[in-house]
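Q: sequence and predicted structure below; questions after.
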Amino acid sequence: MNTRDTLYVKDGNLYIGEFMATELAKRFGTPLYVMDARYIAEVCDAFVAAVSRGGEGAVAFANKAFATLATARLAAAHGLWFDVVSGGELCLMQRAGADMKKVLFHGNNKTPKEIDEGLAAGIGFFVVDSLNELELLDEKAKKLGIRQDVLVRVNPGVSAHTYEAVVTAAPYSKFGFDVHTDAEEVIADIASRKGLVFRGLHVHIGSQIYDHSSYDQAIDVTVAFMKKLAGKGIVTDILDMGGGYGIYYTDEDPKFTPKRYAYTVESVARRVREKAAENGLKQPFVIVEPGRSIVGEAGVTLYTVGAIKDFPGVRKYVAVDGGMFDNPRYALYESKYSAVIANKADKPADEKVTIAGKCCESGDLIGKDIPLQHAETGDILAVFSTGAYNYSMASNYNLNAIPPVVMVDGDRADYIVKPQTYDDLLRNNTVPEWMN
């Protein structure tokens, strides 16, 4: 548990903001996602200050980590831009009232419909990721009589030290153009087109990264590529270095404060500027795209403990009223989490348990061998660092409702995503007339 002013233990109880976790569970029910607004705001402020220190830059929130109207409003109020990866995320930005010129549209296979939607919305940048997209975007922009600003996603061939499934810049990745082979030709092609304007490069090497040397290598390779482009008369105005900063999940991970997280952002921006100067290049506008590091630790998921099964010397199961439908990350990546019994938070975590979900799958687990206080049916279990890629990857598997989301801001708490009902689950079901 990475404690802070808005996440702490007092009189044996876990507090989120000024609320006991058990009080939130009683008021809103479980399973329940709880997001800490003040922590999100603090990280946003720290990141914006860090990227702009020493030059011009912006922080774009990666919506895929946690996409809600309330989060978008909060992030925008603290000066963030946004990246989107689907028409749905773009629609959310529009309904949240975001500045479309500060939106970047990512994705390795944008559909024609999504390209139309992005152009109609007047977004700032498309991040071009394939030849198909390049051709289609140019054609559609010319028909509209506009010139669309684009960044080109390039692959520097740097392997981030992280889980294989979330590495995105190793050789033969599905993302981007290789700086050593086809990227230069693609960018020269864009520069000659009437519907597109080449503005810069985008690089993202992976997620949950602690080893900053991976970023340093990626920057060095990318700036060298920028110099090569400059030799051809192509100026790189913008360098977007993506995100991927690792956060705390268990005591195997470092416990960072928002200022310490921001140091990574500052280091990335500083190295870009230093390397550009060394190579005699124009200072690029630096963009970073954190998602997990803004909202990950802001989230706590609350469950009610149900069945308990103990196999002495083998395994003890503590089952909860959620599972892989609200947190699929263990099933996908064997991701690790830490947890406490919220109403026994000051007791020693002297048992190792497997936290099991309620789905009809043996692999429906939140985690194995998690240190925990002695659990009893009816206890409230809090799982930490669930603000990123939990709600956004949730499903209705087994026709379970995706849990609601409550945002806490000091002594205020309210829904930012309301509870689903059975009617919601079946709303789009229909029976063809010929079946009656």
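A: Yes, it's here.
Q: going by C-alpha atoms from here, please, whenever you check contacts or count neighbours.
A: Noted.
Q: okay, now the unreliable bits of the stretch 1-150 of the chain?
A: Judged against pLDDT under 70, the stretch 1-150 of the chain has no low-scoring part.
Q: for the stretch 1-150 of the chain, what spans make up the strands?
A: Using DSSP state E, counting those that start in this stretch, the strands assigned to the stretch 1-150 of the chain run over residues 7-10, 13-16, 19-20, 32-36, 57-62, 81-84, 103-105, 125-128, 148-155.
Q: pull up the pairing partners for the last one, direction included.
A: Strand 148-155 sits in its sheet next to strand 125-128 (parallel), strand 177-178 (parallel), strand 196-202 (parallel), going by DSSP bridges.
Q: and what of the fourth one?
A: Each strand that pairs with strand 32-36, with its direction, by DSSP bridges: strand 299-311 (antiparallel), strand 405-409 (parallel).
Q: only the C-alpha atoms, please, for the first one, written as CSV.
A: Okay, so that is strand 299-311. Output in CSV follows, covering the C-alpha atoms of strand 299-311 (Å, rounded to 0.1, in the frame of the first residue of the first chain):
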residue,chain,number,x,y,z
GLY,A,299,-8.1,3.8,-8.0
VAL,A,300,-9.2,1.4,-5.3
THR,A,301,-11.7,-1.4,-5.9
LEU,A,302,-13.9,-2.5,-3.0
TYR,A,303,-15.4,-5.9,-2.7
THR,A,304,-17.4,-7.9,-0.1
VAL,A,305,-15.9,-11.2,1.0
GLY,A,306,-18.1,-14.2,0.4
ALA,A,307,-17.1,-17.8,0.4
ILE,A,308,-13.8,-18.9,1.9
LYS,A,309,-12.2,-22.3,1.2
ASP,A,310,-9.1,-23.4,2.9
PHE,A,311,-6.9,-26.3,1.7
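Q: just to revisit the earlier point, want to throw the strands of the stretch 1-150 of the chain into JSON lines with mean neighbour count and distance to Gly323?
A: Shown next, in JSON lines, are the strands of the stretch 1-150 of the chain (neighbours: other CA atoms under 10 Å; distance: least, CA to CA, whole Å):
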{"stretch": "strand 7-10", "mean neighbour count": "17", "distance to Gly323": "23"}
{"stretch": "strand 13-16", "mean neighbour count": "23", "distance to Gly323": "21"}
{"stretch": "strand 19-20", "mean neighbour count": "19", "distance to Gly323": "23"}
{"stretch": "strand 32-36", "mean neighbour count": "26", "distance to Gly323": "12"}
{"stretch": "strand 57-62", "mean neighbour count": "26", "distance to Gly323": "25"}
{"stretch": "strand 81-84", "mean neighbour count": "25", "distance to Gly323": "27"}
{"stretch": "strand 103-105", "mean neighbour count": "24", "distance to Gly323": "31"}
{"stretch": "strand 125-128", "mean neighbour count": "27", "distance to Gly323": "35"}
{"stretch": "strand 148-155", "mean neighbour count": "25", "distance to Gly323": "35"}
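Q: so which of these is nearest Phe256?
A: Nearest to Phe256, of all these, is strand 7-10, at 13.8 Å by CA to CA.
Q: against which helices or strands is that closest one packed?
A: strand 13-16 (3 or more CA pairs under 8 Å, 6 or more residues apart in numbering; DSSP states H and E).
Q: now do the strand it packs on: distance to the chain's middle.
A: Here strand 13-16 shows a centroid-to-chain-centroid distance of 25 Å under the convention CA atoms, centre = their mean, to the nearest Å.
Q: same thing with stretch 173-189?
A: The chain centroid and the centroid of stretch 173-189 are separated by 25 Å, computed with CA atoms, centre = their mean.
Q: mean confidence for it?
A: For stretch 173-189, the mean pLDDT works out to 91.
Q: which residues touch stretch 17-32?
A: Applying CA atoms under 8 Å, 6 or more residues apart in numbering, the contact partners of stretch 17-32 are 5-7, 13-15, 36, 301-304, 321-322, 342-343, 380, 382, 403-406, 408-411.
Q: got the contact list for the spatially most central residue of the chain?
A: What sits nearest the mean C-alpha location of the chain, by CA atoms, centre = their mean, is Ala65, with 2.5 Å. Residues near Ala65 by CA under 8 Å, 6+ apart: 291-292, 295, 387-389, 392.
Q: mind putting these into JSON lines with pLDDT and neighbour count?
A: Shown next, in JSON lines, are the contacts of Ala65 (pLDDT from 0 to 100; neighbours: other CA atoms under 10 Å):
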{"residue": "Gly291", "pLDDT": "97", "neighbour count": "27"}
{"residue": "Arg292", "pLDDT": "97", "neighbour count": "27"}
{"residue": "Val295", "pLDDT": "98", "neighbour count": "28"}
{"residue": "Gly387", "pLDDT": "98", "neighbour count": "25"}
{"residue": "Ala388", "pLDDT": "98", "neighbour count": "23"}
{"residue": "Tyr389", "pLDDT": "97", "neighbour count": "21"}
{"residue": "Ser392", "pLDDT": "97", "neighbour count": "16"}
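Q: now intersect these with the helices, please.
A: Within the contacts of Ala65, residues falling in helices by DSSP state H are 292, 295.
Q: I'd like the contacts of Ala65 laid out as a markdown table, including distance to Ala46.
A: Compiled in a markdown table, the contacts of Ala65 are given as follows (distance: CA to CA, whole Å):
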| residue | distance to Ala46 |
| --- | --- |
| Gly291 | 14 |
| Arg292 | 15 |
| Val295 | 13 |
| Gly387 | 18 |
| Ala388 | 19 |
| Tyr389 | 22 |
| Ser392 | 24 |
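Q: ok, of the contacts of Ala65, which one's closest to Met1?
A: Using CA to CA, the contacts of Ala65 come closest to Met1 at Gly387, 14.1 Å.
Q: give the closest residue to Lys368 in space, chain neighbours not counted.
A: Excluding its sequence neighbours, the residue lying closest to Lys368 (CA to CA, 6 or more residues apart in numbering) is Thr354, at 4.2 Å.
Q: give me the sheet partners of the helix or strand where the one you found lies and which way each runs.
A: Assigned by DSSP states H and E, Thr354 belongs to strand 351-356. Strand 351-356 sits in its sheet next to strand 315-320 (parallel), strand 365-372 (antiparallel), going by DSSP bridges.
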